[in-house]
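sequence first, predicted model second:
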Amino acid sequence: MGLNAYFAFTIVPELDGDWQLALGAVFVSGLLFSAMSLTSIRAWLVNSISMNLKIGIAAGIGLFLALIGLQDAGIVSADPETLVTLGDLSKPQTLLAAVGFLAIAALAVRKVTGAIIIGVLAVTAIAVIRLGFIAYIALKAAAGRFQDINAAVAVIAAAFLLKLVFA
């Protein structure tokens, strides 16, 4: 996942959006990794890296992925002066993401088995039942296609139920 995020958010923008070239580079790196794994080069390379550096690399990748997730959730946003600033916490999507994160963290601290899936399902249920979040987003997308708002709601509800049944 770290390599995917690195290519998607760093390499592709540097290549002016040339995703085909980035995927080609991922493919070549996969071939090189496979070749190294078939020989003793991979074991030698892994054993030559100190444990502290391995932990630092893992932490860096984790922080990078966390920053992407927080930015997508709207909890943080880009700022030209400080690079990162607090996002718009008045949006329901952002508040829901923050509640979900805190719920997962609380369950994980209490060592609840399945903390992540429980948190995700709980936030999804809140979004669907209480906030109507999915309908809200879908209504914004369908606003130009339906004259009657009730027809739009009916189509969205039917699509959501079909997804639940056949997913």
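Structure received.

could you say which helix or strand holds the residue most central in space within the chain?
Computing the C-alpha centroid of the chain and ranking residues by CA atoms, centre = their mean puts Gly69 first, at 4.8 Å. In this assignment (DSSP states H and E), Gly69 forms part of helix 51-73.

tell me what that helix is packed against?
helix 2-6, strand 76-79, helix 92-109 (3 or more CB pairs under 8 Å, 6 or more residues apart in numbering; DSSP states H and E). For glycine as for every other residue, the C-beta is placed from the backbone atoms N, C-alpha and C.

list the buried residues of the last one.
Residues of helix 92-109 classed as buried by neighbour count (16 or more other CB atoms under 10 Å): 93-98, 100-101, 103-104, 107.

would you agree Ile104 is in contact with Ala115?
Yes - using CB atoms under 8 Å, Ile104 makes contact with Ala115 at a distance of 5.7 Å.

circling back: for Ile104, see how far away the residue nearest to the centre of the chain is.
Going from Gly69 to Ile104 by CB to CB, to the nearest Å gives 12 Å.

now swap in Thr124 and tell me
12 Å.
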